[in-house]
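Visitor: Build me a model:
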Amino acid sequence: MGINFNPWRLLTGSVPQIQLNNRYSVPFGNNIGQDSFQNNSVERFFDEKYIQAMIEQNSELKNILSKNKIPVRLNMNELMELKHGHCKDSTEICAKIYKVLPQSLKSQVNIKDLKDGAMLHDFGKVLIPPEILNKHGKLTEEELKIMKLHSELGYQLLKNTGINNEVLSLVRNHHDNVNNKNFVPDINLQVLNLADRYSALTESRVYKRALTPQQALTIIHKDVEQGNVHPILYKALIEAVNNNPQSKMPLKSVSVSRV
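Guide: This is a model prediction of the structure:
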């Protein structure tokens with residue numbers, strides 16, 4: 001005679017070792033990662049099997065890779081470094097900027113979408129060949145073209161996962177308010193772009209040294225003067241940096257970053 005399943009008994013532990021299946025996950029939808037009892041954090045997508053499934057079900061993504069002669073080769077080491085490094089850092093900076101924004105702007109920010117977009121914004125770099133991504137010297141025009149594809153590749157990878165359109169837009173367009181003068185970014189995208197830029201400048205990469213917070217802010221101030229960064233957001237970034245005790249470092253010469 002079988003056990004009568006009562007979910008409330010699970011709370012007291014009176015029905016031992018009941019599991020729904022081997023993975024403790026019962027999917028109901030057709031989209032990857034959607035409608036399941038799994039952890040709903042976007043970090044679940046940083047998984048090789050997930051990404052392989054994303055590629056298999058997206059013919060448009062395959063066409064983009066083929067057209068640009070990019071091999072279907074997952075750069076998982078780089079992706080995991082991004083997850084625990086630049087993407088995590090960008091997410092934290094977004095949250096700090098949001099915290100000190102004037103209430104009139106803060107009310108226009110969807111902080112969950114912003115943080116999810118920040119964590120996933122460089123997701124497409126998993127398909128950028130490492131010899132381009134971590135090249136020590138200057139990129140050729142063709143290599144730069146491939147590097148810039150990471151935003152679109154990230155969008156294509158994630159668009160069938162059930163992620164909402166706002167987060168997908170952040171992934172797809174997180175460089176467009178700099179590269180496309182006809183594009184008008186919303187507040188979420190402007191905060192992400194600023195956090196991404198600051199994080200990239202202040203971290204060490206194989207082709208550049210890390211800048212101090214003051215050096216990074218000096219470079220970003222030029223973007224403010226050129227109209228690419230809103231002064232209110234820049235002020236919020238300064239406040240966020242000043243609230244970090246580790247930011248008190250001497251100013252030195254500056255250089256550029258490959259973001």
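Visitor: Only C-alpha atoms from now on, for both contacts and neighbour counts.
Guide: Fine.
Visitor: Tell me where the model's unsure across the chain.
Guide: 1-39, 176-184, 244-259 (pLDDT under 70).
Visitor: Which stretches in it count as strands?
Guide: Counting by DSSP state E, the chain has no strands to list.
Visitor: got the buried residues for stretch 215-225?
Guide: Neighbour counts over stretch 215-225 (16 or more other C-alpha atoms under 10 Å) mark Q215, A216, L217, I219, I220, H221, D223 as buried.
Visitor: Alpha carbons only: can I get that stretch in CSV?
Guide: This file holds the C-alpha atoms of stretch 215-225, laid out as CSV (Å, rounded to 0.1, in the frame of the first residue of the first chain):
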residue,chain,number,x,y,z
GLN,A,215,41.5,57.2,-12.4
ALA,A,216,38.3,55.4,-13.6
LEU,A,217,36.1,58.4,-12.5
THR,A,218,38.4,60.8,-14.3
ILE,A,219,37.9,58.8,-17.6
ILE,A,220,34.1,58.6,-17.0
HIS,A,221,34.0,62.3,-16.3
LYS,A,222,35.0,62.8,-20.0
ASP,A,223,32.0,60.8,-21.0
VAL,A,224,29.9,63.2,-18.9
GLU,A,225,31.4,66.2,-20.7
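Visitor: how many neighbours does the closest residue to V126 other than its chain neighbours have?
Guide: Excluding the flanking residues, the one nearest V126 by C-alpha to C-alpha, 6 or more residues apart in numbering is N75, at 4.7 Å. By other C-alpha atoms under 10 Å, the residues close to N75 number 17.
Visitor: residues contacting N75?
Guide: N75 is in contact with K125, V126, L127, I128, P129, P130, counting by C-alpha atoms under 8 Å, 6 or more residues apart in numbering.
Visitor: Pretty sure the fourth one sits against K145.
Guide: This points to I128. No: counting by C-alpha atoms under 8 Å, K145 is not a contact partner of I128; they are 10.9 Å apart.
Visitor: With neighbour numbers in mind, choose between those two.
Guide: A direct count of neighbours by other C-alpha under 10 Å for I128 and K145 places I128 higher, at 25 against 12.
Visitor: quick one on the thing from earlier: out of the buried residues of stretch 215-225, the closest to P231 would be?
Guide: Proximity of the buried residues of stretch 215-225 to P231 (C-alpha to C-alpha) peaks at H221, which lies at 8.8 Å.
Visitor: For that closest one, give its distance to N165.
Guide: Applying C-alpha to C-alpha, to the nearest Å, the value for H221 to N165 is 31 Å.
Visitor: hmm, back to that, can you list residues touching both of I128 and K145?
Guide: Counting by C-alpha under 8 Å, 6+ apart, I128 and K145 have no common neighbour.
Visitor: If we only consider the contacts of N75, which is nearest to L61?
Guide: Of all those, L127 has the smallest distance to L61: 10.6 Å, by C-alpha to C-alpha.
Visitor: Now do the contacts for that closest one.
Guide: Listed by C-alpha under 8 Å, 6+ apart, the contact set of L127 reads I70, P71, V72, R73, L74, N75, H150, L153.
Visitor: Helices - which of those land there?
Guide: H150, L153 (DSSP state H).
Visitor: Which one (most neighbours) among the contacts of L127?
Guide: Ranked by neighbour count (other C-alpha under 10 Å), the contacts of L127 have L153 at the top, with 25 neighbours.
Visitor: Quick check: closest non-adjacent residue to that residue.
Guide: According to C-alpha to C-alpha, 6+ apart, the nearest residue to L153 is G124 (4.7 Å).
Visitor: so who does the one you found touch?
Guide: By C-alpha under 8 Å, 6+ apart, the neighbours of G124 are L149, H150, S151, E152, L153, G154, Y155, L157.
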